[in-house]
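Q: Would you be able to build a 3D model of this:
(one chain, ligands or ions: 1)
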Amino acid sequence: MAAAQPAGQPAAPVPWPAQQYSPGTGARPALPASALPGPVAERLRLLAEEAGPEPLCAYVHDPPAAGRRAALLRARLPDWAEVFYAVKANSFPAVLEALAPATDGFDVSSEGEAGAARAASARALIATGPGKTDAMLTALARTGVDFVSAESTLELHRIAAAAGRAGRRVPVVLRVNAATGPLQGALCMDGHATQFGIGEDALPEAAALARSLPGLDLVGYHFHVVSNNLDAAAHAAHVQARLHWAVRAARAHGFALRVLDAGGGLGVAPRGEAPFDLGRFAARLRAAPPPPGVRVVLEPGRWLVADSGYYAAQVTDVKEVAGSRFAVLAGGINHFMLPALLEVALDAAVVDVDHWPYACPRPALTDTTVALAGPLCTPEDILARGIRVGRLRAGDLVVFPLAGAYGWEFALRGFLGRRPPVHTVVSTPQRVSARSGTGPAAAAGAEPSPVEDNSR
Ligand SMILES: Cc1ncc(COP(=O)(O)O)c(C=O)c1O
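A: This is a model prediction of the structure:
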């Protein structure tokens, strides 16, 4: 069987700035409470007043915001591009319910996610990710799945066995671990060894196996190779390069290509960098449609839900140690781990809480730069450094916008056995572009929204 070209060819590598994820060295001002949507700040103030002796930790979910993002993406993309939401980014039921009617389906990686997707009436399911269980595969084969992404030859055998148990044929795509690709950067999974997918040298054997096993229908290939990519042109080049490669590879592997799953990875600017240019991405995709009969699937997570969630924690203590100022929050990486694990420097807002339940004086930090620490017994429990505050008191609330993606789902929940955060739902009105002078980012200093629609 003829070997396919390397999976990323022929596009030339496009540098992808790793510094998107650098923790940020310079100090930056805390956002004012007015930078938050009104319903979010109001709900948090109310909850903090009612919290009683336990300090408040909360996720505020804004499901309509997620629904609007999905509708925007569907409207901008060409009709032939399908959007399957990656449930791992946020599986809160109301968020899933808002996304279900506005997407082509959901991408699930576990039995739990598949159950949540069905409960939210997702239009269709695809299954991706390593370590799929037999129980999940059997349930998907029985209830129906658009396709399963196979991570190895053993997984092909296990999907075939599940198909046999269900008495159905299951469509499969091969997840490709490409040696090279058009995207490069710290969180790009091409070009260095990772545990994901099937190496290019092993693809001919995997394709032959998939074609021979009863119960399997080999329909295409799957790539998920980058996280939080803000370069829309490079992302479109990635989709096009994978599509060209897939057409050639399917011919070489002896089957008719019906699916290219180009993965997720659409980026959200954490601190006011230029947002992912949806208009440019869509225009470039539109210029290069797939051959007839080939579905092109995107499976974004972060881009759809990042701005539909806020993580808030009350300040339990403020202190100065060896010349550095710290605020100790009631929740840290046990509730919200993304900034610490990936060293993402997120903005934080301060919401004043007037209620002070103690007879002793209320400590405060004023006109200074502070590190926002969590309550866990590890120095890693820092949610942000270098936040300049006018005043931050014990009892005030610190709120992180952009906590809707990889927030609670991604947290170190078990460590120290503290209470989980409260989850509450608000409905914010449509945000107006910061460029037109309103909206949270504008209030915070007229930077574009990290997920602004700049496609017009
Ligand atoms: C296979 C797969 N698809 C899609 C996604 C969603 O990626 P993102 O949230 O960056 O769009 C992920 C995230 O890890 C993934 O592993």
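Q: Contact residues of the stretch 51-200 of the chain facing the ligand?
A: Residues of the stretch 51-200 of the chain lying near the ligand by CB under 6 Å from any ligand atom: 86, 88-89, 107, 128-129. All C-beta spots, glycine's among them, are computed from the backbone N, C-alpha and C.
Q: Could I get these in a markdown table, plus columns for pLDDT, secondary structure and neighbour count?
A: Shown next, in a markdown table, are those (pLDDT from 0 to 100; DSSP: H, G, I helix; E, B strand; the rest coil; neighbours: other CB atoms under 10 Å):
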| residue | pLDDT | secondary structure | neighbour count |
| --- | --- | --- | --- |
| Ala86 | 98 | strand | 27 |
| Lys88 | 98 | helix | 21 |
| Ala89 | 98 | helix | 25 |
| Asp107 | 98 | strand | 31 |
| Thr128 | 98 | coil | 26 |
| Gly129 | 97 | coil | 18 |
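Q: Just give the number of residues close to Ala405.
A: Residues lying near Ala405 (other CB atoms under 10 Å) number 26.
Q: My error: substitute Thr369 in the last question.
A: That count, for Thr369 with other CB under 10 Å as the rule, works out to 16.
Q: before we move on, back to that, including distance to Ala246, could the residues of the stretch 51-200 of the chain next to the ligand go into TSV?
A: Compiled in TSV, these are given as follows (distance: CB to CB, whole Å):
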residue	distance to Ala246
Ala86	20
Lys88	24
Ala89	25
Asp107	18
Thr128	16
Gly129	20
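Q: ok, so of these, who is nearest Gly331?
A: Among those, Ala89 lies closest to Gly331 (CB to CB), at 19.8 Å.
Q: Surely that closest one and Leu304 touch.
A: Yes. Using CB atoms under 8 Å, Ala89 is in contact with Leu304, at 7.2 Å.
Q: Between those two, which contacts overlap?
A: Ala405 (CB atoms under 8 Å, 6 or more residues apart in numbering).
Q: Now for the residue nearest to the spatial centre of the chain: which residues touch it?
A: Nearest to the geometric centre of the chain sits Arg302, at 2.6 Å (CA atoms, centre = their mean). Contacts for Arg302 were tallied using CB under 8 Å, 6+ apart; they are 89, 227-228, 264, 266-268, 405-406.
Q: what do you get for Ala330?
A: 55-57, 313-316, 375.
Q: and the residue nearest to the residue nearest to the centre of the chain when sequence neighbours are not counted, helix, strand or coil?
A: In space, and not counting its chain neighbours, Arg302 is closest to Ala405: 4.0 Å by CB to CB, 6 or more residues apart in numbering. Under DSSP: H, G, I helix; E, B strand; the rest coil, Ala405 falls in the coil class.
Q: element containing Val219, please.
A: strand 216-222 (DSSP states H and E).
Q: I should have written Gly263 there, sorry.
A: Per DSSP H and E: Gly263 is located in neither a helix nor a strand.
Q: how many neighbours does it have?
A: Using other CB under 10 Å, the number of residues around Gly263 comes to 25.
Q: how many other residues sit next to the closest residue in space to it that isn't next to it in sequence?
A: The spatial neighbour of Gly263 that comes closest, neighbours along the chain excluded (CB to CB, 6+ apart), is His224 at 3.0 Å. By other CB under 10 Å, 21 other residues sit near His224.
Q: check contacts around His224.
A: 128, 175, 189, 196, 261, 263-265, 299.
Q: Between those residues, which has the least confident prediction?
A: Among the contacts of His224, Met189 carries the weakest pLDDT, at 69.
Q: returning to that earlier point: among the contacts of Ala330, which lie within helices?
A: Judged by DSSP state H, these include no members of helices.
Q: Can you tell me which one of those residues sits lowest on pLDDT?
A: Pro55 (94).
Q: you'd agree that residue is up against Gln314?
A: Yes. Between Pro55 and Gln314 there is a contact at 3.8 Å, judged by CB under 8 Å.
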